[in-house]
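A.B. asks: I need the structure of the sequence given here:
(one chain, ligands or ions: 2)
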Amino acid sequence: MLRSTRTVIHFDLDAFYVACERELNPELRNVPVGVSQYNPYGNLQERAPTDIHDRLVTSQNSHEKQNDVNGSLIAVSYEARAAGVKRNDRGLEAIQQCPSLHIVVVPVKHGKASLTMYRNASKRVMKVLSDAIRNECSEYSSTTKDDVLVEVASIDEVYVDVTEPIKRLLTRMKEDGDDDSFWKKCIQEASTCTTIGGVEVLSDAAEATNALDKNEIRKGSCLQVLDSDSSSVDTGSLAWWNRSRDEWSDAEMSLACGAWVAAQARRAVASSFDGSVFTLSAGISCNKTLAKLASGLKKPNRQAIIDPANTEALQTLFHPLPLSRIRGLGGKFGAQIAQQFQITTVGQVSEIPLPVLQSTLDNKTAQFLHNVSRGICRDPVTPRMKPKSIESSKTFRGVTSISSNDKETLAKWIGELIGELTERLQEDLQENNRTAGALAVGIVTSQEGKSVSKSCRAPRTLDKYKNTALSLALQLVEAQKTRLRVDAVTVTCMSVSATQFVEQASGSSTIMAAFERCSNEERPANSSNARPISRIQHRQRPAKPSMMDNWLSNSNSTKASGTKRRSNDEETSVNKRHAARLDSPSTKRAVAPANDTSGTTEPVVLPTMDEIDPQFLRELPEELRASLMRDIGRAHPTKQTNGIQSFFRPKEGRNA
Ligand code: DCP
Ligand code: CA
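C.D. replies: Residues are numbered from 1 along each chain as shown. Ligands and ions are numbered 1, 2, ... in the order given. Okay, the predicted model is just below:
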């Protein structure tokens, strides 16, 4: 077993959306709560986060609210899990399981779930957490803030590498010689709340939870809940903690100090928010894979160490796990590997000799699998706090699905999605001083059942996003009709996403001015002196991602050691997935959007008139059609000679 000297902590917030709702509405504290996706057949009116009474649908008895209550649950409090309520349950069946359940519907804007309040809460918690760790580390080990590496990996999880401060802490303790007061304090504080994975003395029942697929745990394992209620750690873990000082290796001391840092940080978060609504679970180990596995061991509000040097414990914990519980193997990649080698567990991967893996997979992928099955992961904690892509998507299920012939509805929803996307891009610009380099549109149709997408360079100004997205959607629909040889397809999901962000060199005030000017369709384009964004942003061409690159861009989103099954309504899940794609200042490599099945980012945004189905244009709302055609005219000035004028003429005139 290759030993690493790193100390990595993975934090995962407990029942995160529930915690956000509890912060807003104290009535929800200490009672069973489920956060529900809004029901597309229910009330689609805008609901602001602060409309807490309107969003608490279980307290409303009127008949018309029944549909509201029956949305699917995307977050479930641990009290409700103990009563048997699970993620993805429909509200009405959940109430049958737990009659005292309080169901809160997510905020709604643009005809879809609005996750802004959850994203904002996430930012606040992450700030408290990272500040607390940095302060602890600088106080006890005289390190700077940059010595603590913080990688926000999704809306509610973060990796922290504290290798450097802990190295200094150990040096300091050695220098202190006989004065072991700091070490004692560290052990005392960490031992009361930190389980040692694999050495735990567990009941048979509790042991069974380790083999559960992460989905099962997410659905709510009563064992998990009961276990976490116990006030002290198990006897096996206590024996590990209660050794005399000369029995400790440096690596074990580093893990113990990591656990102490994690405990302080969790305490800081709990005490910083009213009602201690935000609690976290933490995992401490030598790399991201094992730290993530550890944080899922003792949820909620507890922490665990996985000691990589304890090969036996590692194998006991690691080998029986389904492949899907390993970071990076939760999605399609893991399923593909499982099918290819006819295996289901991590232990089975470890039995495949490296040359066999290499003979069927590319070397990078083979090496990754070989290592990960042994608990080895070299993926660094890469400091990053900003999302790598921003996406808005919506599912159209059942009667809400849209025929490709219904151009007006397609255009309406592209408009709503772009409305949300551009709002978020403006906020992002203000916060992070960057603009998107690429815009992608994805659709799923009932005929093909899988997502296809197309991307292009992001338009120069936000007011152009809608037409560009519509044009991309049109191209996707037309391509699919041709491919399937049908007259129409039925759209069941649409997404728009902005990626390949480029930091702006100049001050944000100038850029904001440009954004504001360009996004305000009412104002004439020359009403501001601001420079257009196009002149100040650098375009990047994407590199074609390899299998491993694809894995890396998706791996952060795989929830603590496992697969994340989509909730019935995609948009919140999709957003969570995309919240996980984070931008790294040190890895400026541009990649195609992960959902871009075409794998291309075209420099030309709009099709020529010849490429557009005239019927499509005719059916567009007039205002949109005129605006789209103006853009096409500008994009292809030489190609419009015979086509464009005729489209402005009424149908009869053209035929005459
Ligand atoms: N989420 C979602 N759809 C999913 C998964 C998650 O909308 N399919 C949202 C709701 C969750 C939040 O993301 O509150 C965080 O997801 P987690 O998987 O971490 O689940 P929780 O934080 O709710 O619970 P746990 O305590 O098990 O981490
Ligand atoms: Ca969580």
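A.B. asks: Can you name every helix or strand that the longest strand belonging to the chain contacts?
C.D. replies: Counting by DSSP state E, the longest strand found in the chain is strand 490-499. Applying 3 or more Cβ pairs under 8 Å, 6 or more residues apart in numbering; DSSP states H and E, one finds that strand 490-499 makes contact with strand 390-395, strand 402-403, helix 407-432, strand 438-445, strand 451-457, helix 465-484, helix 570-579. Every C-beta, even on glycine, is put in place using the N, C-alpha and C of the backbone.
A.B. asks: Including mean pLDDT, distance to ligand 1 and mean neighbour count, could those go into JSON lines?
C.D. replies: Converted to JSON lines, the helices and strands packed on strand 490-499 look like this (pLDDT from 0 to 100; distance: least, Cβ to the nearest ligand atom, whole Å; neighbours: other Cβ atoms under 10 Å):
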{"stretch": "strand 390-395", "mean pLDDT": "94", "distance to ligand 1": "12", "mean neighbour count": "25"}
{"stretch": "strand 402-403", "mean pLDDT": "96", "distance to ligand 1": "23", "mean neighbour count": "17"}
{"stretch": "helix 407-432", "mean pLDDT": "94", "distance to ligand 1": "16", "mean neighbour count": "19"}
{"stretch": "strand 438-445", "mean pLDDT": "97", "distance to ligand 1": "17", "mean neighbour count": "25"}
{"stretch": "strand 451-457", "mean pLDDT": "94", "distance to ligand 1": "16", "mean neighbour count": "22"}
{"stretch": "helix 465-484", "mean pLDDT": "95", "distance to ligand 1": "24", "mean neighbour count": "20"}
{"stretch": "helix 570-579", "mean pLDDT": "38", "distance to ligand 1": "3", "mean neighbour count": "23"}
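A.B. asks: right, and the helix or strand after the longest strand of the chain?
C.D. replies: strand 502-503 (DSSP states H and E).
A.B. asks: Tell me the strands beside that next one, with direction?
C.D. replies: strand 434-435 (antiparallel) (DSSP bridges).
A.B. asks: any idea how far the partner strand is from the chain center?
C.D. replies: From the chain centre to the centre of strand 434-435 is a distance of 20 Å (Cα atoms, centre = their mean, to the nearest Å).
A.B. asks: on that earlier part again, give me the angle between the longest strand of the chain and helix 407-432.
C.D. replies: Here the directions of strand 490-499 and helix 407-432 differ by 20 degrees (axes from the mean of the first three to the mean of the last three Cα atoms, to 10 degrees).
A.B. asks: Direction included, what does strand 490-499 pair against?
C.D. replies: Partner strands and pairing direction for strand 490-499 (DSSP bridges) are strand 390-395 (antiparallel), strand 402-403 (antiparallel), strand 438-445 (antiparallel).
A.B. asks: Reformat those as a markdown table; add distance to ligand 2.
C.D. replies: What follows is those, written out as a markdown table (distance: least, Cβ to the ion, whole Å):
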| stretch | distance to ligand 2 |
| --- | --- |
| strand 390-395 | 20 |
| strand 402-403 | 33 |
| strand 438-445 | 26 |
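A.B. asks: Dump the ones you listed to a markdown table, plus distance to Phe278.
C.D. replies: Formatted as a markdown table, the strands paired with strand 490-499 follow (distance: least, Cβ to Cβ, whole Å):
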| stretch | distance to Phe278 |
| --- | --- |
| strand 390-395 | 24 |
| strand 402-403 | 39 |
| strand 438-445 | 32 |
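A.B. asks: so which of these comes closest to Ile418?
C.D. replies: Ile418 sits nearest to strand 390-395 of all the strands paired with strand 490-499, at 7.6 Å, using Cβ to Cβ.
A.B. asks: any idea of the pLDDT on His538?
C.D. replies: Looking at His538, its pLDDT stands at 33.
A.B. asks: meant to ask about Arg245, not that
C.D. replies: According to the model, Arg245 scores 86 on pLDDT.
A.B. asks: Quickly note the distance from it to Leu24.
C.D. replies: Plainly put, Arg245 is 47 Å away from Leu24 if you go by Cβ to Cβ, to the nearest Å.
A.B. asks: for Cys193, same thing?
C.D. replies: Distance from Cys193 to Leu24, by Cβ to Cβ: 28 Å.
A.B. asks: and what of Val108?
C.D. replies: 15 Å.
A.B. asks: same question, Lys407
C.D. replies: From Lys407 to Leu24 the distance is 39 Å (Cβ to Cβ).
A.B. asks: again, but for Ile632
C.D. replies: Taken as Cβ to Cβ, the span from Ile632 to Leu24 is 46 Å.
A.B. asks: and if you look at Val346?
C.D. replies: In terms of Cβ to Cβ, Val346 sits 40 Å off from Leu24.
A.B. asks: Which residue of the two possesses the greater neighbour count?
C.D. replies: Set Val346 next to Leu24 and count neighbours by other Cβ atoms under 10 Å: Val346 wins out with 26 against 18.
A.B. asks: wait, doesn't that one sit right on Arg327?
C.D. replies: No: Val346 is beyond contact range of Arg327, at 11.3 Å (criterion: Cβ atoms under 8 Å).
A.B. asks: list residues touching both of the two?
C.D. replies: Each of Val372 lies in contact with both Val346 and Arg327 under the rule Cβ atoms under 8 Å, 6 or more residues apart in numbering.
A.B. asks: what would the helices and strands packed on strand 490-499 look like in a markdown table with distance to Cys286?
C.D. replies: Output for those, formatted as a markdown table (distance: least, Cβ to Cβ, whole Å):
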| stretch | distance to Cys286 |
| --- | --- |
| strand 390-395 | 33 |
| strand 402-403 | 50 |
| helix 407-432 | 31 |
| strand 438-445 | 36 |
| strand 451-457 | 36 |
| helix 465-484 | 44 |
| helix 570-579 | 27 |
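A.B. asks: Which one of these lies nearest to Thr171?
C.D. replies: Here helix 407-432 is closest among the helices and strands packed on strand 490-499 (Cβ to Cβ), at 36.6 Å.
A.B. asks: How far off centre is the closest one?
C.D. replies: For helix 407-432 - counting by Cα atoms, centre = their mean - the centre lies 19 Å from the chain centre.
A.B. asks: now do stretch 117-133
C.D. replies: 15 Å.
A.B. asks: Okay, angle between the longest strand of the chain and helix 465-484 too, please.
C.D. replies: Using the same axes, to 10 degrees: strand 490-499 against helix 465-484 is 130 degrees.
A.B. asks: chain center to strand 490-499, what's the gap?
C.D. replies: Remark: strand 490-499 is offset 17 Å from the chain centroid, using Cα atoms, centre = their mean.
A.B. asks: repeat for stretch 244-255
C.D. replies: Distance of stretch 244-255 from the chain centroid (Cα atoms, centre = their mean) equals 36 Å.
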